[in-house]
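S.K.: all I have is the shape, not the residue letters:
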């Protein structure tokens, strides 16, 4: 299922009574099964893009389309994950994974079966009865991915899901997410400020400008091993792509 | 484990020393027993109260109204807290009045309630309900305001209804604060009942305090205070046990 933004702008009223333009005239399309990253300076409206795709709020202008249908509210096609794992601390892991299925009329036994399958996919066998506080940060993020996959969304939105993890856990988790997502063939939009992460995990990278955010470049990452960032990491071209992003974001000028 | 034994031993030793001082010091300092009765005076008086004053009935009455007032007051406080927590509008409209009522000394309402309802058990129940109500209300309301917005957005993205969001996200998120409110309320419930019984009526440990005070029977007053403390302590401990059960999913500070 494809995701498309057509001339999308979003303005928020501020406390001072003025309007703040978060994103301005954003256009892009993510094809079915594609993995696209959005990078940009902080406050460029990355999370606004995510919230509009999830249907949590509507664009002020333009249209967000999922499978060529306009998004008018929270819908069953989209699953999202944030930097915070958002696991419910009072539920054990397996019923956390089931959480998204409960409002979808899935029976109790079917829910447990689906959740067990995703638990396995995300390499969390044996942790089904544990509570979130008993798991490490990386494992909690895997549980959050399992919960997202359990509802079988067509589109997965990832909002910096690795940014709170230590460097090694991050690499391993990027690898396992990439593999799981590639196997499931999900359309994915990753929002990140980690340029290397964008290069390692994506088919394409959207570069956003400072606020009001708009797409200033659309880079195709022409490298193999999208499903294995750890392998892609060793390719020499990775550095070139990162340098290109570095330049587009004018990081050198900012450092000066 | 050795640490725990140590604290228990020191704690009990301290208790024994205080009891010993209580028994020995007043006569040694020639304090009359109607000012400070000794431990043994109190025990003798306890037996007398048990035999001739119907002490057991008084204890049961006070315990009953403490629990009843606590239950009704916390239920009302929690329900109103959740309702206001779901409506920012009504919370803003009512919050100055809630604050005013919270600051007002609730026990001062006791004589008023006696004027309105007479010398029966309603006034003491009302005072207890009123005094218990606010800490629970305020704790629940505070917790409802601070429920993680991202969790609510997650629930919305999963198509949960308004009630579903309340039942599966807001309600469980607020349980730690609710339990803290209940713990505070349990200690206040004893105060509410005691004041109600002090001011009017002829049953309960609060009544025995004013009765004993009127007869210059300090031992009776001492005993009633100790028994009230025991009732409060039992209620509080029960809540702590329930809290440990309910909040098992929170990481514990001591493994």
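M.R.: Cool, the structure landed. These figures come from a predicted structure and were not determined experimentally.
S.K.: pull up the gap between residue B:195 and residue B:228, please.
M.R.: Going from residue B:195 to residue B:228 by Cβ to Cβ, to the nearest Å gives 11 Å. Heads up, the C-betas are built off the backbone N, CA and C, glycines and all.
S.K.: which residues in the chain form helices?
M.R.: Since no chain was named, I'll use chain A. Applying DSSP state H to chain A gives helices spanning A:46-53, A:93-98, A:108-121, A:137-150, A:167-184, A:195-201, A:229-232, A:237-248, A:251-255.
S.K.: other chain: chain B
M.R.: B:2-28, B:39-52, B:55-86, B:88-103, B:110-117, B:122-145, B:149-157, B:162-165, B:171-199, B:205-214, B:218-246.
S.K.: for residue A:121, which of those is the nearest?
M.R.: Nearest to residue A:121 among the helices of chain B is helix B:149-157; the distance by Cβ to Cβ comes to 20.1 Å.
S.K.: the inter-axis angle of the closest one versus helix A:46-53?
M.R.: Taking axes from the mean of the first three to the mean of the last three Cα atoms, to 10 degrees, helix B:149-157 and helix A:46-53 form an angle of 30 degrees between their directions.
S.K.: distance between stretch B:134-149 and the chain's centre?
M.R.: Stretch B:134-149 sits 20 Å away from the centroid of its parent chain (Cα atoms, centre = their mean, to the nearest Å).
S.K.: show me the contact partners of that stretch.
M.R.: Outside stretch B:134-149, the residues that touch it by Cβ atoms under 8 Å, 6 or more residues apart in numbering or on different chains are A:86, B:73-74, B:77-78, B:80-82, B:84-86, B:91, B:98, B:101-102, B:106, B:169-170, B:173-174, B:176-178, B:180-182, B:184-185, B:188.
S.K.: make a PyMOL selection of the buried ones in those.
M.R.: Buried subset of the contacts of stretch B:134-149, written as a PyMOL selection, criterion 16 or more other Cβ atoms under 10 Å in any protein chain shown:
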select buried, (chain A and resi 86) or (chain B and resi 73+74+77+78+80+81+82+84+85+91+98+106+169+170+173+174+176+177+178+180+181+182+184+185+188)
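S.K.: what residues does the stretch 151-255 of chain B have near chain A?
M.R.: Neighbours of chain A within the stretch 151-255 of chain B, by Cβ under 8 Å from any Cβ of the partner chain: B:151, B:153-154, B:156-161, B:164, B:168-169, B:172, B:175, B:248-251.
S.K.: of the residues you listed, grab the buried ones for ChimeraX.
M.R.: Typed into ChimeraX, the line below selects the buried ones among these, using 16+ other Cβ under 10 Å:
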select /B:151,153,154,156,157,158,159,160,168,169,172,175,249
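S.K.: near residue B:13, how many other residues are there?
M.R.: Using other Cβ atoms under 10 Å in any protein chain shown, residue B:13 has 10 neighbouring residues.
S.K.: over to residue A:32?
M.R.: When neighbours are counted by other Cβ under 10 Å, residue A:32 comes out with 13.
S.K.: identify the contacts common to residue B:195 and residue B:228.
M.R.: residue B:206.
S.K.: near chain B, which residues of the stretch 1-150 of chain A?
M.R.: Residues of the stretch 1-150 of chain A lying near chain B (Cβ under 8 Å from any Cβ): A:51, A:54-56, A:74-76, A:78-80, A:82, A:84, A:86, A:88-91, A:99-100, A:102-104, A:131-133.
S.K.: got the residues of the stretch 1-150 of chain B near chain A?
M.R.: So far as Cβ under 8 Å from any Cβ goes, the stretch 1-150 of chain B lies against chain A at B:148, B:150.
S.K.: hmm, residue A:205 and residue A:216 touching each other?
M.R.: No. Applying Cβ atoms under 8 Å, one finds residue A:216 not in contact with residue A:205, separated by 11.4 Å.
S.K.: got phi/psi on residue A:214?
M.R.: Per-residue torsions, residue A:214: phi -150, psi 160 (degrees, to the nearest 10).
S.K.: tell me the contacts of it?
M.R.: A:23, A:24, A:25, A:26, A:208.
S.K.: and the gap between the fourth one and chain B?
M.R.: Put plainly, it is residue A:26. Using Cβ to the nearest Cβ, to the nearest Å, residue A:26 is found at 20 Å from chain B.
S.K.: please name the bridge partners of that residue.
M.R.: Judged by DSSP bridges, the bridge partners of residue A:26 are residue A:8.
S.K.: quick one: end-to-end distance for stretch A:122-136.
M.R.: End-to-end distance for stretch A:122-136: 14 Å, by Cα to Cα, to the nearest Å.
S.K.: ok, and what's touching that stretch?
M.R.: Residues from elsewhere that reach stretch A:122-136, judged by Cβ under 8 Å, 6+ apart: A:85, A:87-94, A:96, A:115-116, A:119, A:139-140, A:142-143, A:145-146, A:149, A:169, A:176, A:180, B:248-251.
S.K.: 7 Å instead?
M.R.: A:87, A:89, A:92-94, A:96, A:119, A:139-140, A:142-143, A:145-146, A:176, A:180, B:249, B:251 (Cβ atoms under 7 Å, 6 or more residues apart in numbering or on different chains).
S.K.: give me the buried subset of the residues you listed.
M.R.: For these, buried by 16+ other Cβ under 10 Å: A:87, A:92-94, A:96, A:119, A:139-140, A:142-143, A:145-146, A:176, A:180, B:249.
S.K.: distance of the spatially most central residue of chain A relative to residue A:141?
M.R.: In chain A, the centroid-proximal residue (Cα atoms, centre = their mean) is residue A:158; its distance is 1.3 Å. Using Cβ to Cβ, one obtains 10 Å as the distance from residue A:158 to residue A:141.
S.K.: how about residue B:99?
M.R.: 42 Å.
S.K.: the more surrounded of those two?
M.R.: Ranked by neighbour count (other Cβ under 10 Å), residue B:99 and residue A:141 place residue A:141 first, with 27 against 12.
S.K.: ok, that one - contacts?
M.R.: Residues in contact with residue A:141 (Cβ under 7 Å, 6+ apart) are A:85, A:161, A:165, A:173.
S.K.: quick check: pLDDT value at it.
M.R.: As predicted, residue A:141 sits at a pLDDT of 89.
S.K.: domain assignment for chain A?
M.R.: A:22-77+A:154-256, A:86-152 (automatic domain parsing).
S.K.: so how far is the last one off the chain centroid?
M.R.: Right, domain A:86-152. 18 Å.
S.K.: swap in stretch B:46-54?
M.R.: Relative to where its chain is centred, stretch B:46-54 has its mean C-alpha point 26 Å off (Cα atoms, centre = their mean).
S.K.: who touches it?
M.R.: So stretch B:46-54 is in contact with B:55, B:56, B:220, B:223, going by Cβ under 7 Å, 6+ apart.
S.K.: hmm, back to that, got JSON lines for the domains of chain A, with distance to residue A:8 too?
M.R.: Listed next are the domains of chain A as JSON lines, based on distance: least, Cβ to Cβ, whole Å:
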{"stretch": "domain A:22-77+A:154-256", "distance to residue A:8": "4"}
{"stretch": "domain A:86-152", "distance to residue A:8": "23"}
